[in-house]
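S.K.: structure, please.
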Amino acid sequence: MLGRAPERRVSRRWWLAEASLGIRSGRGRGVRAVCEHTFVRWDNLTIEEDARARLPGHRDPASVRRFDAPEALDTRFYEVRAKSVLNKVPPASQMPFRWTVNPYRGCAHACVFCFARPTHTFLGFNPGRDFEREIVVKVNAPELVRAELARPSWKGEHVALGTNTDPYQWVEGRYRLMEGIWQALLDARNPCSILTKSPLLLRDIGLLSELARTVGLTACLSIPTLDQKVWRETEPKTPNPRARLEAVAELNRAGVPTGVLVAPLMPGINDSPEQVEELLDAIADAGATNVAGIALHLRGEVKDVFTGWMKDARPELVSRYEQLYGRRAYAPQTERERLAAMVRRGARPGAFWRNKRLEGLEPAETGHPPSRSASEKAAARDGQQALF
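M.R.: As a prediction, this is how the structure comes out:
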């Protein structure tokens with residue numbers, strides 16, 4: 001059984017993270033909760049080991065656990081001991097990095113547009129409900145990271161986190177895998193970066209600050225919109241976007257270069273000038289180091305999940321999306337360029353980010369974009385904005 005997370009002295013940064021997630025530990029006062037979701041309250045949490053299951057690719061059965069917590073209703077967590085945790089990105093990939101670490105598979109954020117949904121089919125799960133409620137936890141991830149970074153064959157290449165599912169989804173508050181992963185990366189002095197939707201990473205701000213100082217770690221918060229209706233509809237179990245902006249500001253104050261990924265930009269949903277300008281102003285106020293905007297893409301089963309949601313929530317947009325996407329994974333180039341350009345203020349006074357042309361690429365017949373030019377790869381190298 002897992003024990004209760006150890007008590008520790010908690011800083012204002014962790015209070016902010018708790019407040020954003022709706023956690024009430026009683027350890028801090030005067031913190032305004034910026035998310036009305038009631039996430040996990042660990043002091044009344046119970047764990048039940050109710051089954052064992054064998055997952056594809058894993059020799060030993062997984063321990064299947066349920067948590068007696070509001071956000072864990074009808075969700076099962078499959079604890080596995082992975083054989084390896086450093087994942088090599090295929091050479092044909094468009095990513096600006098070659099190695100990733102993903103301590104969780106599946107994501108309780110339940111974003112209707114999540115590009116990682118199809119990966120759940122590799123485990124025998126479906127990309128819809130199962131992706132959100134059947135979560136695989138690599139409980140030995142920290143020790144594996146440490147061991148694999150110590151191999152003589154390891155060349156100290158950049159490692160990206162948050163490339164598939166969010167390593168700071170709410171259950172990380174229980175398993176606390178990221179602390180050990182960051183410590184292993186710090187001890188190895190290994191370059192790394194993180195993309196997340198959660199201010200829970202403020203819990204580890206001390207490690208992040210040290211990594212930024214020693215190996216140049218960068219962070220990026222994904223914030224598609226400040227529109228409350230759109231947020232609740234499309235990212236129903238994520239922390240409040242304004243809490244994410246607070247995390248951007250807090251990280252930059254702590255010396256961790258942190259930008260914002262405005263993604264995905266969805267035509268007719270979060271792409272009005274009013275919506276985008278409000279968000280850009282807030283990003284500027286938070287002191288973000290850079291920003292990029294990426295158009296929605298719908299590869300594989302993601303299109304079925306997104307279309308199903310749209311038919312219920314936004315039926316008036318169905319025909320527009322059929323025209324934009326048809327059988328394609330990507331919107332037409334002109335539409336992608338229009339959306340990406342919305343976050344670039346060019347020479348306007350007060351512009352505070354680098355122009356980054358990460359869109360405008362025609363997809364190949366496989367549904368993946370073709371190779372980027374050298375300048376486009378260079379534009380993406382500072383962070384993980386190319387993920388969408």
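
S.K.: who touches the spatially most central residue of the chain in this structure?
M.R.: Note on the chain: the residue nearest the mean C-alpha position is Thr196, at 3.4 Å, using C-alpha atoms, centre = their mean. If you count contacts by C-beta atoms under 8 Å, 6 or more residues apart in numbering, Thr196 has them with Gly162, Asp166, Pro167, Tyr168, Ala219, Cys220, Leu221, Ser222. Yep, even glycine has a C-beta here, placed from its N, CA and C like the rest.

S.K.: pop out the phi and psi values for it.
M.R.: The phi and psi values for Thr196, taken as degrees, to the nearest 10, are phi -150, psi 160.

S.K.: got the contact list for His109?
M.R.: His109 neighbours (C-beta under 8 Å, 6+ apart): Glu132, Asp166, Gln169, Lys197, Glu235, Lys237, Thr238.

S.K.: distance of Asp281 relative to Ala288?
M.R.: Separation of Asp281 from Ala288 (C-beta to C-beta, to the nearest Å): 11 Å.

S.K.: and the two? Which one has more around it.
M.R.: Using other C-beta atoms under 10 Å as the criterion, Asp281 and Ala288 rank with Ala288 on top: 25 against 12.

S.K.: is it true that the more buried one touches Val260?
M.R.: Yes. Counting by C-beta atoms under 8 Å, Ala288 touches Val260, with 4.8 Å between them.

S.K.: identify the contacts common to these two.
M.R.: With C-beta under 8 Å, 6+ apart, Ala288 and Val260 have common neighbours Val248.

S.K.: how about the contacts made by Ser222?
M.R.: Contact analysis of Ser222 by C-beta under 8 Å, 6+ apart lists Leu195, Thr196, Lys197, Arg244, Val260, Leu261, Ala263.

S.K.: assign the nearest residue to the residue nearest to the centre of the chain once chain neighbours are set aside to helix, strand or coil.
M.R.: In this structure, Thr196 finds its nearest non-sequential neighbour in Tyr168, 4.6 Å apart by C-beta to C-beta, 6 or more residues apart in numbering. Recorded secondary structure, Tyr168: coil (DSSP: H, G, I helix; E, B strand; the rest coil).

S.K.: residues touching Tyr168, list them.
M.R.: For Tyr168, the contacting residues are Gly162, Met178, Thr196, Lys197, Ser198, Leu200, Leu201, by C-beta under 8 Å, 6+ apart.

S.K.: can you read off the pLDDT for the residue nearest to the last one when sequence neighbours are not counted?
M.R.: In space, and not counting its chain neighbours, Leu201 is closest to Tyr168: 5.1 Å by C-beta to C-beta, 6+ apart. Reported pLDDT at Tyr168 in the predicted model: 98.

S.K.: strands of the chain, start to end?
M.R.: Ranges of strands in the chain, per DSSP state E, are 47-53, 62-67, 76-80, 86-88, 99-101, 104-105, 134-138, 159-161, 192-196, 218-222, 258-265, 291-295.
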